[in-house]
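K.L.:
Fold the following, please.
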Amino acid sequence: MPETMMPSSSANGTSGTKPRLKVLLAGPRGFCAGVDRAIKIVEEALKRHGAPVYVRHEIVHNRFVVESLERQGAVFVEELSEIPDDGRPVVFSAHGVPKSVPEAAAQRKMFALDATCPLVSKVHREAERHFGRGRHILLIGHEGHPEVIGTMGQLPPGAVTLVEDAAQAETVIPPGDLPLAYTTQTTLSVDDTAGIVAILQRRFPDIAGPAKEDICYATTNRQAAVKAIAARGAELVIVVGAPNSSNSVRLAEVARRAGAARSLLVQRGAGLDPSVADGCATIGLTAGASAPEVLVDEVLARLATRFDLEVEEVVVAEEKVVFRLPPALAAE
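P.N.:
Now for the predicted structure:
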């Protein structure tokens, strides 16, 4: 796919006395369809029902997004117990929740809106199908991540064993003599996960897997774009994203493994010291799936205070996926 050239800062009157810096801008980057849908669910609920709209857990892992929704009237809580019985809407985050959460909401007759990414819901349904067929499930993912908590919470305690890395894949001992299946968190490193799956398949040749891999298209595409800019000689790759965003952290890891000497995770342009790029001829810039494009623009503006930028977009895939809103919020 052809690369798109973008104007350099010198074309906009920036002083030529600054050192030149080429920025390879990864494409795709930023919001995925699941994140976009989750944010729209909160915004549409506010539009239709007014404030407050309660949201259990961060709707997505990005403080800029959370604070923007708070200004519109969203109230973020960690547990349903923090929400009064006032009939106001409550939204479940894009990461998914254990079955106990919607059950508790139903018992309290709450007006619940599920913003779980459809690709996460697909993993939930896969886990249920495997369990229904008598299989014990090995879930590849990171302990404590909301998506992992939500997936494990679809099934009874003990039905799922978490496998976090290759070392655990080599040593995990599933309970009993049940047949096995594996599923994965949607935001993992593609390469790391492939290695873990290979170990599990070697140790357990009859293990069942998903019909289609669980790592989502957006995670796969963003990692491929980072590999492409690293291969183009990016000495430093800046990832715009939150430290608790799994897909953002993975992008920083992938950049280093793909050949970048350094990678850096930043949340806002104001938090970036542009001198980190001193001595570099070419750097890369991308954003995790929960980071809006305005934050990428902030980073570019911050870099432009020190460098004369030449920005080139390197596109490895076009994304046209759109997920529908829940029926309760569908267009009337």
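K.L.:
hey, let's count contacts and neighbours off CA atoms from now on
P.N.:
Will do.
K.L.:
okay, stretch 254-271 in CSV with CA atoms only?
P.N.:
Only the C-alpha atoms of stretch 254-271 are listed here, as CSV (Å, rounded to 0.1, in the frame of the first residue of the first chain):
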residue,chain,number,x,y,z
VAL,A,254,7.2,-5.0,19.9
ALA,A,255,9.1,-1.9,18.7
ARG,A,256,12.2,-2.9,20.6
ARG,A,257,12.0,-6.5,19.4
ALA,A,258,11.6,-5.3,15.9
GLY,A,259,14.8,-3.4,15.9
ALA,A,260,14.2,0.0,17.5
ALA,A,261,17.0,0.9,19.9
ARG,A,262,14.5,2.5,22.3
SER,A,263,10.7,2.8,22.8
LEU,A,264,8.9,5.2,25.1
LEU,A,265,5.3,5.2,26.4
VAL,A,266,3.7,8.6,26.9
GLN,A,267,0.2,9.6,27.8
ARG,A,268,0.2,13.2,26.6
GLY,A,269,2.4,15.6,24.6
ALA,A,270,3.0,17.7,27.7
GLY,A,271,4.6,14.6,29.4
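K.L.:
What are the buried residues along it?
P.N.:
254-256, 258-260, 262-269 (16 or more other C-alpha atoms under 10 Å).
K.L.:
List the contacts of that stretch.
P.N.:
With C-alpha atoms under 8 Å, 6 or more residues apart in numbering as the test, stretch 254-271 has contacts from 189, 223, 226-227, 230-231, 233-243, 248-249, 252-253, 272, 295-296, 298-302.
K.L.:
Mind checking which of those residues land in helices?
P.N.:
If you go by DSSP state H, those have 223, 226-227, 230-231, 248-249, 252-253, 295-296, 298-302 in helices.
K.L.:
ok, of these, which come out buried?
P.N.:
The neighbour-count criterion (16+ other C-alpha under 10 Å) marks 223, 226-227, 230, 248-249, 252-253, 295-296, 298-302 among these as buried.
K.L.:
Closest one to L138 out of the residues you listed, please.
P.N.:
Within these, proximity to L138 (C-alpha to C-alpha) peaks at V249, which comes in at 22.9 Å.
K.L.:
give the contact list for the closest one.
P.N.:
Applying C-alpha under 8 Å, 6+ apart, we find V249 in contact with G241, A242, P243, L265.
K.L.:
Out of the buried residues of stretch 254-271, which is nearest to F31?
P.N.:
Nearest to F31, judged by C-alpha to C-alpha, of the buried residues of stretch 254-271 is Q267 at 14.3 Å.
K.L.:
For the closest one, what are phi and psi?
P.N.:
Main-chain dihedrals, Q267, degrees, to the nearest 10: phi -90, psi -30.
K.L.:
Can you get me a residue count around the closest residue to it other than its chain neighbours?
P.N.:
Nearest residue to Q267 in three dimensions, chain neighbours excluded: G241, at 5.1 Å (C-alpha to C-alpha, 6 or more residues apart in numbering). Neighbour count of G241, defined by other C-alpha atoms under 10 Å: 32.
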